[in-house]
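Engineer: predicted model and sequence follow; I will ask about them next.
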Amino acid sequence: MSEALERRLQVLEDRAEIADLIARYGPAADSGDADAVAALWAPGGTYQFDDTVLGADDIRSLVSIPTHVEYMRRGCAHIVSAPRIEIDGDDAVAVTHSVVMLREGERWIGERVSANRWELRRTADGWRVQRRRNRLLDGDGAARELLAR
């Protein structure tokens, strides 16, 4: 196989692995699987939503914060859009939208609609999240900045 073809194949495999990693977030969060959520992050990784920053040791607790526990009790779905992925060697950036759907009676409402920037790193265990930032799409420019290239 030519070197150029090997590089192209590696990029396709990387993109598929990154997309799969991001797709695993919603089901892990909705099932309350703290270990599965934490496994998406690299050691030392962070997750920032609004003014909260969770470090690597705290990400596991994400599914047990009172708001999330209440979401699961009522019925929720963390839905993440297909990512726009840019890879640079062993680092990558993926940009997505996310919606937390919450059951309200017999209806579902978009409780939280956000912009997301996932900064990823290739590790010995595959691609992992180094940093994720999530901001509400509430008209504030900070959320739009996460979506920009």
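Structural biologist: Happy to help now that I have it. Residues are numbered from 1 along each chain as shown.
Engineer: what about the strands in the protein?
Structural biologist: Here the chain has its strands, by DSSP state E, at 41-49, 52-54, 76-80, 84-88, 91-104, 107-123, 126-136.
Engineer: nearest residue to G55 in space, please, no chain neighbours.
Structural biologist: Spatially, and ignoring its direct neighbours in sequence, G55 is nearest to T46 (5.7 Å; C-beta to C-beta, 6 or more residues apart in numbering). C-betas here are computed from N, CA, C, even on glycine.
Engineer: now stretch 87-96: average pLDDT?
Structural biologist: Per-residue pLDDT over stretch 87-96 has a mean of 98.
Engineer: give me the below-cutoff pLDDT ranges for the protein.
Structural biologist: Along the chain, no part satisfies pLDDT under 70.
Engineer: find the residue at the geometric middle of it.
Structural biologist: Closest residue to the average C-alpha location of the chain: I22 at 5.1 Å, with C-alpha atoms, centre = their mean.
Engineer: I'd like the strands of the chain as JSON lines, with mean neighbour count and distance to A29 appended.
Structural biologist: Listed next are those as JSON lines, based on neighbours: other C-beta atoms under 10 Å; distance: least, C-beta to C-beta, whole Å:
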{"stretch": "strand 41-49", "mean neighbour count": "17", "distance to A29": "11"}
{"stretch": "strand 52-54", "mean neighbour count": "14", "distance to A29": "13"}
{"stretch": "strand 76-80", "mean neighbour count": "18", "distance to A29": "5"}
{"stretch": "strand 84-88", "mean neighbour count": "13", "distance to A29": "21"}
{"stretch": "strand 91-104", "mean neighbour count": "18", "distance to A29": "9"}
{"stretch": "strand 107-123", "mean neighbour count": "17", "distance to A29": "12"}
{"stretch": "strand 126-136", "mean neighbour count": "19", "distance to A29": "12"}
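Engineer: for the longest helix anywhere in the chain, enumerate the helices and strands it packs against.
Structural biologist: Secondary structure assigned by DSSP state H gives helix 3-23 as the longest helix of the chain. Packed against helix 3-23, as judged by 3 or more C-beta pairs under 8 Å, 6 or more residues apart in numbering; DSSP states H and E, are the following elements: strand 84-88, strand 91-104, strand 107-123, strand 126-136.
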